[in-house]
Structure formats: C-alpha cells, structure tokens
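Undergrad: this one's structure only:
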C-alpha cells in the first residue's frame, strides 16, 4: 500500500513526479491546491468556506484545509493509498496530519523530499514563466518564494528526518531517472 507525502521547493518537480508515481502505483495524487479548487468549483460546504477566504485574499485556515484533506482521504479511491502533495507545509500542519491519519487509520510510509539546488530551480521556473507567459516567475519573485519555503519548510524536513521518516531523492536529474528513484523508494 502506497501512502507518501511529497516535499520539495517550488519547481523541484513534485507535481510531475507525484503524477508519474500515482499512475505507476495506481493511487491518487492528492494536491491541496486541486482539493481547494475542486471543493470551490463543486460548491461543497467546505468549498464555500474556503472560497470566502480565497476571495478575501487570505490563506485558508489550517483547520479548514485539514477538513478538506480528511474528506478527500475518505474517498473510495484513496482507501488503497495516496500521494499527498502540498501539505503539510509546516510542523504544526504535520502534527495535525499525524492526528488525522491516526484517526482514520491511514499511516503513511515515508516523506519524500525532492532536493534540487536553488540555481536549477530558478532556471527551471524562469524558463517555465517565459514558456507559459507567467509574469510571477521572475528571478526576484522565485528567490523570495525559495526564502519563504526554506523558512517555513526546513523545520518540517528536520522534523521528519528526526523521526526517521524522511527519504531524500535527487530531483536534479532527468525526469525519468527521478521517477525510477521514487519507484525504488516505494518498493523498499
């Protein structure tokens, strides 16, 4: 049974790798961004609450995100496993997630951290910004996003490493090689 949490800075390839591995393992790729968009689009009770915060330009509170994740993990397709991408983002959320997973009896196997040097990430995201016409993917903005990521997520990496639940994978290699490394992690 595959239950993984994906960590990594923006541009590390989490989404791409989570999708590849989800197909390979036949489990859903659960992205918190996708959960939010779907709940809002379907106007679920939780979606309406999330939309209120999103429309106001506020961060959706942890408790609401956790309830959305609880709802998503209870879906039939997630009972046989999942890959969680985009949550948790800090130690407090990790603690919430631990409690939720105990409550619903769905322990995870490990936390996968995709490691990619900052300069490679900056290059990837600047190029993506040019290709997709994204004005927010400037070098200055990307450097700021990386600083915020390091500030908020480094303690989370240390948290999971301290519990011997962290597996680091070199994300600075061809996509197929990263996927192959991840498949090996799952097969261990």
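TA: Ah, there it is. The shown structure was predicted, so the numbers you read here are calculated from the model rather than taken from an experiment.
Undergrad: What are the boundaries of the helices in this protein?
TA: Defined through DSSP state H, the helices belonging to the chain, from first to last, are 14-25, 32-41, 45-55, 62-73, 91-103, 118-132, 139-162, 175-187.
Undergrad: Report the inter-axis angle for the first one versus helix 175-187.
TA: For helix 14-25 against helix 175-187, the angle by axes from the mean of the first three to the mean of the last three C-alpha atoms, to 10 degrees is 60 degrees.
Undergrad: same thing with the fifth one?
TA: For helix 91-103 against helix 175-187, the angle between stretch directions is 50 degrees (the same axes, to 10 degrees).
Undergrad: and helix 91-103 with helix 62-73, angle?
TA: Counting by the same axes, to 10 degrees, helix 91-103 lies at 40 degrees to helix 62-73.
Undergrad: mean confidence score for helix 91-103?
TA: Averaging pLDDT along helix 91-103 gives 93.
Undergrad: One more: the last one?
TA: Along helix 175-187, the predicted local confidence has a mean pLDDT of 93.
Undergrad: And that helix, what's buried?
TA: Judged by neighbour count (16 or more other C-beta atoms under 10 Å), helix 175-187 contains these buried residues: 178, 179, 181, 182, 185, 186. (Glycine included, C-beta is placed from N, CA and C.)
Undergrad: which residue sits closest to the last one, ignoring its sequence neighbours?
TA: Translated: residue 186. In space, and not counting its chain neighbours, residue 186 is closest to residue 2: 5.6 Å by C-beta to C-beta, 6 or more residues apart in numbering.
Undergrad: Spit out the contact partners of the one you found.
TA: Remark: with contacts taken as C-beta atoms under 8 Å, 6 or more residues apart in numbering, residue 2 is in contact with 21, 25, 27, 81, 82, 83, 109, 186.
Undergrad: Try it again at 6 Å.
TA: For residue 2, the contacting residues are 25, 27, 81, 186, taking C-beta atoms under 6 Å, 6 or more residues apart in numbering as the criterion.
Undergrad: and the gap between the second one and residue 41?
TA: Yep, that's residue 27 we're talking about. Taking C-beta to C-beta, to the nearest Å as the criterion, residue 27 is separated from residue 41 by 23 Å.
Undergrad: quick one, which of the two is more surrounded?
TA: Looking at residue 27 and residue 41 with other C-beta atoms under 10 Å, you find the greater number of neighbours at residue 27, namely 21 against 10.
Undergrad: Tell me who's in contact with that one.
TA: Under the criterion of C-beta under 6 Å, 6+ apart, the neighbours of residue 27 are 2, 81, 82.
Undergrad: now those residues in TSV, with distance to residue 66 and pLDDT?
TA: Compiled in TSV, the contacts of residue 27 are given as follows (distance: C-beta to C-beta, whole Å; pLDDT from 0 to 100):
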residue	distance to residue 66	pLDDT
2	22	91
81	20	95
82	15	97
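Undergrad: All set, thanks.
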